[in-house]
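Novice: model this:
(chains A and B)
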Amino acid sequence: MQSEYVLKIKDVSKSFSGVKVLNKVCLNVRPGTVHSLMGENGAGKSTLMKCLFGIYKQDEGEFHLTGQQYNFTDPKHALEHGVSMVHQELNQVTKRTITDNIWLGRYPQKRGFVDEKKMLIDTVALFKRLNIHLDPKIRLDKLSVSQKQMVEIAKAVSYDAKIIVLDEPTSSLTDNEVNLLFDIIGVLKEHGVSIIYISHKMDEIFRISDEVTVLRDGNYIGTDKIENLTMEKIVNMMVGRDLEKRFPPKTNIPGDVHMSVKNLTTKYPPIVHDVNFDLHRGEILGVAGLVGAGRTEMVEALFGARTRVSGEILIDGKKVNNSSPHKAINNQFALLTEERRETGIYPVADITFNSTIANVQAYKNKAGFLVDRKMREDTDKQIQKMRIRTPNRRAKIRSLSGGNQQKVIIGRWLLTNPDILLLDEPTRGIDVGAKFEIYQLIINLAMEGKSVIMVSSEMPELLGITNRILVMSNGFVSGIVNTEETTQAEIFNLSAKFLNNNREAEV
Amino acid sequence: MIKAVGKFFNKTSDEWKDLIVNNAIYIVIFSIIVFIIANEPKFVSIAVFRNILTQSSVRLILAFGVAGIIILQGTDLSLGRSVGFAAVISASLLQRPEYAARFYPDMAQLPLFVPILISILVCAFFSAINGWVVAKFKIHPFLATMGMMITLYGVLSIYFASGAPGPQPIGGFDVRYTELVIGSTLGIPNLVIFAAVASVIVWILWNKTVFGKNMYAVGGNPEAAKVSGVNVMRTTILVYILAGSLYGVGGYLEAARIGSANNGTGFGYELDAIAACVVGGISFSGGIGKVSGAIAGVLMFTIISYGMTFMGMDMNYQYILKGVIIVAAVALDTKKYLKKS
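Specialist: Numbers count the residues shown, from 1 in each chain, chains lettered A, B, ... in the order given. Modelled structure (predicted):
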């Protein structure tokens, strides 16, 4: 008899070194539907999917595929039984080509050799079906993050799986690419494929879900059809309390000009051209733009992490030389990087180390040795102030959820007592509750007279907490607008301003 | 804006700089060769060319072995002892029947392929253990193979001492064996033919088989390989088995090339092989490396050391130069992949 569900997950529990991250979690997915799995960071979504996929072994509980019980012991096993997955961290071999990556683990063979021709033909056909325009023979390290993500999605589709898990697939996609992905999902649904969709973006959830299951702190909270749900209901299920508003009130008041940037141009691609703007004291300046517009590169150049060919930075009218991050830190700059995992945290080190490492000079005593007691005190203070959820300061940072890792890193920079905070996607991959806390924190910092530049891909967030928004397009500044007076449409148009122009046309 | 755009297009000098940085190691080595030739014009001759190719052959076969392991982000310190073991095994099994101090006094003449097969099996076995230990216990290959290096020396020395004449260098090789290794076919040294065949086989294995592609994937990103269903442990062990097999062949050839073998044969060869790989662009960060790179690396090293000896340069100065070249090669290789800064 055909089962009503293509996948039944029953009472799955999992502990890591004594901490229960999944507690009798259930999930039932119908054939040909999009089932969204929601929950704050650390709710156990990714862990559950990793158990399903055979990366982790659950302590108890059962997985049923079309009525039959399975326990996948490794990813290969899962893939062979029609379960594929786009992982949150892009797991790709960047030094190899697109085709090599897509068919990795199942290279077609002809007389004992890899059948390159078949691989290429199949890739071209796959890309055509999915409307992806990339040369299959390019190496992955030549692609942008969003292109890499599309390759990963194409790969998941290519397994002809019955169930595809998409773990935050849109985190770095542009709007067009998101539309493309949703078209692909639509086609897959028609073919009876079920999608398990994990995302923090509410609008996406409402656009494509059929059903939603919510987890909280490793517990199963509930499942419902999307028609019966509202954003408030989902948020309530996720955080277990009412969130009056998504943004705290903007109580900071911008003052005089604090920093002026003049003619900033970077040396290596992606190049940022001729950036000019003023940042006022106590202001939150948003930076908007599409992926690849040069936003990250611009803040990195300000911080001295990217070589400039020209450009002046004036603080209170006085020229400063941020030619290296070290000098920038001495000039009281702080940069919160976009890629938390790659450039932000020291994963195997504990919270104390991660909190104090940028400010380690301050803990020296007269003899030049570090004073542990002071570091411990400051770390505990930050844990309290930022409400970091951790057993204690000795926990390894990699054992924390994304939102809590981010809080540790913000805390690290605050310990250096910076004047100018450069925040690159400070709330990426962070759950709703933690986002609010981070917004409040940013506004509090601005009230203390610190000036903030916040790069973000989330329009509501830019409109919600900034005073002005600088929009970048294809490496150029396409406009600076007052948040009170602007609209999403205006920012969107500015973002696209230089997209199709080549640079000569711009002169 | 005009200024900015102008600067964007006017960067030919930078492009030159990039070109020079990317190929700096070749430029340096080429300059050394030019220097050698300028001092000793006789360096350009068929005889020298032949000698260089012959001297490169065994090194190349060994470099291929360790190159696979380097592509897996590993290294192999047991290479030298493994080669020594293979050399002693081959030598002990292929002595002239009339030679006085035979290892096995009463043994009949063996077909030439038997000792090479035994050498390959023994070296592949020990190398497989390395691979298994590295994959299973996640021990850093430096440490795992260092343990194997020491262990192998013990095993090899016990075997070396077990022969009839006791622990003394094994010589007096069967003429067929010597002829096979140091002879020529149609004017081409047989050693060069061995190396060429090894190059072709390794190239095919690396580029045309699932094994090879999995090797690059595991080396480039083990996590990605795992979640794509690649058996990382199997791939790792296979790479080590291939390495061991090549060491076995190398040891077999090396004994005949030198004309004798003892328990010290092969000592330190791992460093030459690893250095050649690094100079040839096989990156320690894993996932990158080509057969042509290994060939270039080995040839350049041989040309330089042969050339310096040809010029009559003191050995000690040669060491200094070699050391500097290795570090410079790595520094420049790293610079290539640091596009940002």
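Novice: Please work out how many residues are found near the residue in chain B positioned nearest to chain A.
Specialist: Nearest to chain A in chain B, going by Cβ to the nearest Cβ, is B:Gly229, at a distance of 3.3 Å. C-beta coordinates here come from the backbone N, C-alpha and C atoms, glycine included. Residues lying near B:Gly229 (other Cβ atoms under 10 Å in any protein chain shown) number 19.
Novice: Which pLDDT value belongs to the closest residue to A:Val145 other than its chain neighbours?
Specialist: Setting aside the residues directly before and after it, A:Val145 is nearest to A:Ser172 in space (Cβ to Cβ, 6 or more residues apart in numbering or on different chains), at 4.4 Å. Looking at A:Ser172, its pLDDT reads 73.
Novice: ok, now B:Met1?
Specialist: We note a pLDDT of 49 for B:Met1 in this prediction.
Novice: Below-threshold pLDDT in the stretch 401-507 of chain A: ranges please.
Specialist: Counting by pLDDT under 70, the stretch 401-507 of chain A has low-confidence residues at A:429, A:431-432, A:499-507.
Novice: quick revisit: helix, strand, or coil at the residue nearest to A:Val145?
Specialist: Secondary structure for A:Ser172, judged by DSSP: H, G, I helix; E, B strand; the rest coil, is coil.
Novice: Might one say that it is in contact with A:Gln147?
Specialist: No. At 9.6 Å, A:Ser172 does not count as touching A:Gln147 under the criterion of Cβ atoms under 8 Å.
Novice: Which positions in the stretch 201-350 of chain A make contact with chain B?
Specialist: Neighbours of chain B within the stretch 201-350 of chain A, by Cβ under 8 Å from any Cβ of the partner chain: A:Asn263, A:Thr265, A:Lys267, A:Tyr268, A:Ile271, A:His273, A:Asp274, A:Arg306, A:Thr307, A:Val309, A:Ser310.
Novice: List buried residues within those residues.
Specialist: With neighbours counted by 16 or more other Cβ atoms under 10 Å in any protein chain shown, those contain buried members at A:Asn263, A:Thr265, A:Lys267, A:Ile271, A:His273, A:Asp274, A:Arg306, A:Val309.
Novice: Can you pull the phi/psi pair for the residue nearest to A:Val145?
Specialist: phi -130, psi 30 (degrees, to the nearest 10).
Novice: Run through the residues that contact it.
Specialist: A:Ser172 makes contact with A:Val145, A:Ser146, A:Gln149, A:Val291, A:Ser457 under the criterion Cβ atoms under 8 Å, 6 or more residues apart in numbering or on different chains.
Novice: how does chain A divide into domains?
Specialist: If you go by automatic domain parsing, the domain ranges for chain A are A:7-239, A:253-332+A:418-507, A:342-417.
Novice: want to throw the ones you listed into CSV with distance to B:Pro41?
Specialist: Below are these laid out as CSV (distance: least, Cβ to Cβ, whole Å):
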stretch, distance to B:Pro41
domain A:7-239, 43
domain A:253-332+A:418-507, 44
domain A:342-417, 53
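Novice: where does the chain have low pLDDT?
Specialist: Unless you meant another one, I'm taking chain A. Low-confidence segments of chain A (pLDDT under 70): A:1-3, A:17-19, A:41-42, A:240-245, A:340-343, A:429, A:431-432, A:499-507.
Novice: Sorry, I should have been clearer: chain B.
Specialist: For chain B (pLDDT under 70), the answer is B:1-14, B:22, B:335-341.
Novice: and if we set it to 80?
Specialist: By pLDDT under 80, the low-scoring segments of chain B are B:1-29, B:329-330, B:332-341.
Novice: all strands for it, in order.
Specialist: B:184-185, B:188-189 (DSSP state E).
Novice: Mind listing the strands the last one pairs with, and their directions?
Specialist: Strand B:188-189 has these partner strands in its sheet, going by DSSP bridges: strand B:184-185 (antiparallel).
Novice: what's next to the partner strand, contact-wise?
Specialist: Under Cβ under 8 Å, 6+ apart, the answer for strand B:184-185 is B:Asn190, B:Ile193.
Novice: now with 10 Å?
Specialist: Residues from elsewhere that reach strand B:184-185 (Cβ atoms under 10 Å, 6 or more residues apart in numbering or on different chains): B:Arg50, B:Thr54, B:Asn190, B:Leu191, B:Val192, B:Ile193.
Novice: Is it possible to mark the buried ones in these?
Specialist: B:Thr54, B:Asn190, B:Leu191, B:Val192.
Novice: how about the residues of the stretch 151-300 of chain B that lie near chain A?
Specialist: By Cβ under 10 Å from any Cβ of the partner chain, the residues of the stretch 151-300 of chain B that approach chain A are B:204-205, B:207-214, B:216-232, B:283, B:285-289.
Novice: which ones are touching residue 61?
Specialist: I'll assume chain A. Contact analysis of A:Gly61 by Cβ under 10 Å, 6+ apart lists A:9-14, A:22, A:24-26, A:48, A:51, A:71.
Novice: The intended chain is chain B.
Specialist: Counting by Cβ under 10 Å, 6+ apart, B:Ile61 touches B:83, B:191, B:194-195, B:197-199, B:202, B:245-254, B:273, B:294, B:298.
Novice: roughly how far apart are it and B:Val181?
Specialist: Plainly put, B:Ile61 is 12 Å away from B:Val181 if you go by Cβ to Cβ, to the nearest Å.
Novice: Show me the common contact partners of those two, please.
Specialist: Counting by Cβ under 10 Å, 6+ apart, the contacts common to B:Ile61 and B:Val181 are B:Leu191, B:Phe194, B:Tyr252, B:Leu253, B:Glu254.
Novice: what's the closest of those to B:Ala144?
Specialist: Nearest to B:Ala144 out of the shared contacts of B:Ile61 and B:Val181 is B:Glu254 (Cβ to Cβ; 24.0 Å).
Novice: Run a quick neighbour tally on the closest one.
Specialist: Residues near B:Glu254, counting by other Cβ under 10 Å, number 27.
Novice: ditto for A:Asn417
Specialist: Neighbours of A:Asn417 under the rule other Cβ under 10 Å: 11.
Novice: Let's verify it: helix, strand, or coil?
Specialist: At A:Asn417 the chain is in coil, as set by three-state DSSP.
Novice: and the closest residue to it other than its chain neighbours, how many neighbours?
Specialist: Leaving aside its sequence neighbours, A:Asn417 sits nearest to A:Gln332 (Cβ to Cβ, 6+ apart; 7.0 Å). Residues within reach of A:Gln332, counting by other Cβ under 10 Å, total 15.
Novice: What residues does the residue positioned nearest the centre of chain B make contact with?
Specialist: Taking Cα atoms, centre = their mean, the centroid of chain B lies closest to B:Ala63, which sits 1.7 Å from it. Residues counted as contacts of B:Ala63 (Cβ under 10 Å, 6+ apart) are B:56, B:70, B:79, B:202, B:246, B:250, B:269, B:272-277, B:280, B:282, B:291, B:293-295, B:297-298, B:301.
Novice: Likewise for A:Glu458?
Specialist: A:His200, A:Lys201, A:Ala288, A:Glu425, A:Thr427, A:Arg428, A:Lys435, A:Gly464.
Novice: what do you get for A:His87?
Specialist: A:46, A:49-50, A:53, A:55, A:75, A:152, A:156, A:165-169, B:223-224, B:227.
Novice: phi, psi of it?
Specialist: According to degrees, to the nearest 10, A:His87 has phi -80, psi 150.
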